[in-house]
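Peer 1: The amino acid sequence is not available; the structure is as follows:
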């Protein structure tokens, strides 16, 4: 079974007028990593999820949810 998370990363990033490259720089990853997370190709580590939430001024729970 493939693990899956719902995520609101794209929406939260766009709401703050950040590009994928901007956010990638803020959290220390490549733009491609941000793209793969947004497109449900890659599930971020706990550390990356925490960095993303901090950079966007939100919580991990608001960015990522388990499917019903």
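Peer 2: Perfect, I can see it now. Predicted model only: the values in this text are computed from it and were never measured.
Peer 1: Next one: the residue nearest the centre of the chain relative to residue 16, how far apart?
Peer 2: For the chain, the residue nearest the mean C-alpha position is residue 9 (4.3 Å; C-alpha atoms, centre = their mean). Per C-beta to C-beta, to the nearest Å, residue 9 is found 11 Å from residue 16. (Glycine included, C-beta is placed from N, CA and C.)
Peer 1: circling back: next up, the contacts around the closest residue in space to the residue nearest to the centre of the chain that isn't next to it in sequence.
Peer 2: Spatial nearest neighbour of residue 9, excluding adjacent residues (C-beta to C-beta, 6 or more residues apart in numbering): residue 38 at 5.0 Å. Contacts for residue 38 (C-beta atoms under 8 Å, 6 or more residues apart in numbering) come out as 7, 9-10, 13, 20.
Peer 1: Please apply the same query to residue 7.
Peer 2: By C-beta under 8 Å, 6+ apart, the contact set of residue 7 is 37-38, 40, 63-65.
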